[in-house]
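Student: give me a 3D structure for the following:
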Amino acid sequence: MARQVKPMDYSYGNQGPQSRLFAEPTPGPDPTSFQVDNTSESYYKSPYFLAHLNQVQPVPQPRSSAPRLDLSDVIGKDAIDQIQNAGKIAFHAVGDTGAAKVDRNQSVAAAIAKEDSVADALAADLKAGGPGAPSFFFHLGDVVYSFGEAQYYHDQFYDPYRAYDRPIFAIPGNHDGMVFGSSLSGPQVPSLEAFLRNFCAAQPGPSTDSGGLVRSVMTQPGVYFTLDAPFVSIIGLYSNVLEGPGVISSQGGHFPIVGDTQLEFLKGELQRLKPDHDAQKRAVIIAVHHPPTSADSKHGGTVGLSKDIDDCCVAAGLWPDAVLSGHAHLYQRFSRTVEGLNREIPYVTSGSGGYAATPPRSGAVANTVDGPFRLVTAPVMEFGYLTVTVEKVTLKGTDSLQLTIAFKSIPGTTDSVTVNLSTGQTTSSGKVSTKRGGPAKQAIRKPKAAGRSQGKGSVANRKRK
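Tutor: Now for the predicted structure:
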């Protein structure tokens, strides 16, 4: 079992290495209005966006041929030592947080309150302290809506997380990369310009988009990268700008502008991590904004994306212990057993960070099967977030790692799955509802093996969120 140690001793507004700042020293009350009125919904009518509606955008090249970031470079050796001594690490994850959904049915104050309800709950988890307190937040994409414009970063990112005194890493979502413009010839700003400035800076320092708040920009090596931390590595992928499908490769030349660099990166990272994973030293998680499978009513899963990930796993000889996604504005958990692999893999979507709630499609009930994926519980249409924990355990005299992915909604719905990395088997628990929009309580049953996804939702450009 994990040893008990004191909680991390860096506090609100304290500095990390290189004078990094993570939160305001004295966070004020939640706002009720935007500093900048959000008008980006109108960008959907712009000539450039309409002309390029069905087109992917180029993927910015990372700063190095091996885009990796070590958590110790961001939080420092002392914090890493505490994690190692505790024998466990935890982190938050959720996507689709931007507070921009304002229309005749929802005021600015209501939109802000929804995002802040999640952000405040995340910050409260940190204040509880202890060795199980999350060490960072890994954002699953769509930081800003509706288009990833710089002027919206204060209202939708820096201000909501002004009390979150830990690093926030991120992969871009489709809205972060969307571009618009007044003419057909070119976008007003390049795709992902603001995201790169705020998350992929060469050096930490203040952001020009923060509205004076102190959180330092992040120094991720690219929009796709691996975060190496004690006991876990997270391989983050960028699935481009379409509502659907998610795209991480050229898919055999269909998307030539995207290329296949991310496939080589993913395969190479899985090969690199395989020895540690096989030795029970490290869990491996893949994070990608568009879910490989989904039971939401607007987007669905992405067959090409799922196949790309599968092919890389087969080539590397390593399957992830979990796949995390956003994009669908709800919580859903699927289970998958790969043919020939005695292991259950959770595919978990938490696009429930505050932007909007999307209902599941009709008939999305527990044990619904979509290709190789089995929906374990009915989707939860509530705002909430994930806490992911990886810890050392001893089971039946054998040392192993244990991965737990726990969802908690603001109304109080909970669901969790625990994976024993030694056996590959899962157990689940939660305080759940059998009403529509809440998961039906079900025992985990090992699903039958199946081939690659032939699931629904692979057609591009379903209804816009």
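
Student: the longest helix anywhere in the chain: which residues count as buried?
Tutor: Longest helix in the chain, counting residues (DSSP state H): helix 108-128. By 16 or more other Cβ atoms under 10 Å, the buried positions in helix 108-128 come out as 108, 111-123, 125-126. Backbone N, C-alpha and C define where each C-beta goes, glycine included.

Student: and stretch 85-95, by the same measure?
Tutor: Buried-residue list, stretch 85-95, by 16+ other Cβ under 10 Å: 86-95.

Student: quick one, what contacts residue 229?
Tutor: Counting by Cβ atoms under 8 Å, 6 or more residues apart in numbering, residue 229 makes contact with 70-71, 83, 89, 91, 135-136.

Student: one step back: which of the buried residues of stretch 85-95 fall in helices?
Tutor: Short answer: those in helices (DSSP H) are residue 86.

Student: mind telling me the two of the buried residues of stretch 85-95 farthest from one another?
Tutor: Pairwise distances across the buried residues of stretch 85-95 peak at 28.7 Å for 87 and 95 (criterion: Cβ to Cβ).

Student: list the ones among the buried residues of stretch 85-95 that fall in strands.
Tutor: 88-94 (DSSP state E).

Student: now render those residues as JSON lines, adding distance to residue 210 and pLDDT.
Tutor: Output for those, formatted as JSON lines (distance: Cβ to Cβ, whole Å; pLDDT from 0 to 100):
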{"residue": "88", "distance to residue 210": "32", "pLDDT": "95"}
{"residue": "89", "distance to residue 210": "28", "pLDDT": "96"}
{"residue": "90", "distance to residue 210": "26", "pLDDT": "96"}
{"residue": "91", "distance to residue 210": "22", "pLDDT": "97"}
{"residue": "92", "distance to residue 210": "20", "pLDDT": "98"}
{"residue": "93", "distance to residue 210": "22", "pLDDT": "98"}
{"residue": "94", "distance to residue 210": "21", "pLDDT": "98"}
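
Student: picking up where we left off before, out of the buried residues of stretch 85-95, the closest to residue 192 would be?
Tutor: Among the buried residues of stretch 85-95, and counting by Cβ to Cβ, the member closest to residue 192 is residue 95, at 15.9 Å.

Student: so how far is residue 143 from that closest one?
Tutor: Counting by Cβ to Cβ, to the nearest Å, the gap from residue 95 to residue 143 is 8 Å.

Student: identify the contacts common to the two.
Tutor: Shared contacts of residue 95 and residue 143, counting by Cβ under 8 Å, 6+ apart, come down to residue 173.

Student: distance from the lowest-mean-pLDDT helix or strand in the chain to the middle of the chain?
Tutor: Every helix and strand of the chain was ranked by mean pLDDT, DSSP states H and E. The lowest is strand 15-16, at a mean of 78. With Cα atoms, centre = their mean, to the nearest Å as the basis, strand 15-16 stands 24 Å off its chain's centre.

Student: ok, now which ones touch the residue lying closest to residue 200 once chain neighbours are set aside?
Tutor: Excluding its sequence neighbours, the residue lying closest to residue 200 (Cβ to Cβ, 6 or more residues apart in numbering) is residue 220, at 4.8 Å. Going by Cβ under 8 Å, 6+ apart, residue 220 touches 67, 69, 169-170, 199-200.

Student: model confidence at residue 220, what's the number?
Tutor: pLDDT for residue 220: 98.

Student: what's the answer for residue 14, then?
Tutor: Residue 14 carries a pLDDT value of 56.

Student: quick one, what contacts the residue nearest the centre of the chain?
Tutor: Centroid check for the chain by Cα atoms, centre = their mean gives residue 140 as the closest residue, at 2.0 Å. Counting by Cβ under 8 Å, 6+ apart, residue 140 touches 93-96, 170-171, 173, 287, 289, 324-326, 350-351.

Student: most neighbours of all these, which one?
Tutor: residue 173 (35 neighbours; other Cβ atoms under 10 Å).

Student: beta partners for the residue lying closest to residue 344 once chain neighbours are set aside?
Tutor: Once flanking residues are discounted, residue 344 sits nearest to residue 426: 4.6 Å by Cβ to Cβ, 6+ apart. Counting by DSSP bridges, residue 426 forms beta bridges with residue 419.

Student: OK, contacts around residue 426?
Tutor: By Cβ under 8 Å, 6+ apart, the residues touching residue 426 are 335, 344, 346, 417-420, 444.

Student: from the residues you listed, which single one is nearest residue 205?
Tutor: Nearest to residue 205 among those, with distances taken as Cβ to Cβ, is residue 346, at 37.2 Å.

Student: packing partners for the helix or strand encompassing the closest one?
Tutor: For residue 346, the host element (DSSP states H and E) is strand 344-350. Judged by 3 or more Cβ pairs under 8 Å, 6 or more residues apart in numbering; DSSP states H and E, strand 344-350 is in contact with strand 322-325, strand 331-337, strand 384-395, strand 398-409, strand 414-420.

Student: between the ones you listed, which gets nearest to residue 252?
Tutor: strand 322-325 (22.2 Å).

Student: so what would you say the end-to-end distance of stretch 412-426 is?
Tutor: One end of stretch 412-426 to the other measures 23 Å (Cα to Cα, to the nearest Å).

Student: listing partners with orientation, what would you give for the strand holding residue 346?
Tutor: strand 322-325 (parallel), strand 331-337 (antiparallel).

Student: where among the ones you listed is average confidence lowest?
Tutor: strand 331-337 (a mean of 95).

Student: what's the angle between that one and strand 414-420?
Tutor: For strand 331-337 against strand 414-420, the angle between stretch directions is 30 degrees (axes from the mean of the first three to the mean of the last three Cα atoms, to 10 degrees).

Student: picking up where we left off before, out of the buried residues of stretch 85-95, who's nearest residue 296?
Tutor: Closest to residue 296, out of all of the buried residues of stretch 85-95 and judged by Cβ to Cβ, is residue 95, at 12.8 Å.

Student: the closest one: what's it in contact with?
Tutor: Applying Cβ under 8 Å, 6+ apart to residue 95 gives the contacts 139-142, 173, 289, 325-327, 350-351, 353.

Student: residue 294 reaches residue 306, doesn't it?
Tutor: No: counting by Cβ atoms under 8 Å, residue 294 stays clear of residue 306, with 10.7 Å between them.

Student: the two: which has the busier surroundings?
Tutor: residue 294 (33 against 28).

Student: which residues sit in contact with the more buried one?
Tutor: Residues counted as contacts of residue 294 (Cβ under 8 Å, 6+ apart) are 300-301, 325, 327-328, 332, 349, 457.

Student: just put the residues you listed in CSV and tack on distance to residue 274.
Tutor: Below are those laid out as CSV (distance: Cβ to Cβ, whole Å):
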residue, distance to residue 274
300, 31
301, 26
325, 23
327, 28
328, 30
332, 29
349, 26
457, 31
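
Student: need the contact list for the nearest residue to residue 19 once chain neighbours are set aside.
Tutor: Once flanking residues are discounted, residue 19 sits nearest to residue 204: 7.0 Å by Cβ to Cβ, 6+ apart. Counting by Cβ under 8 Å, 6+ apart, residue 204 touches 18-20, 216-219.

Student: with residue 247 as the reference, measure out to residue 128.
Tutor: Computed as Cβ to Cβ, the residue 128 to residue 247 distance reads 39 Å.
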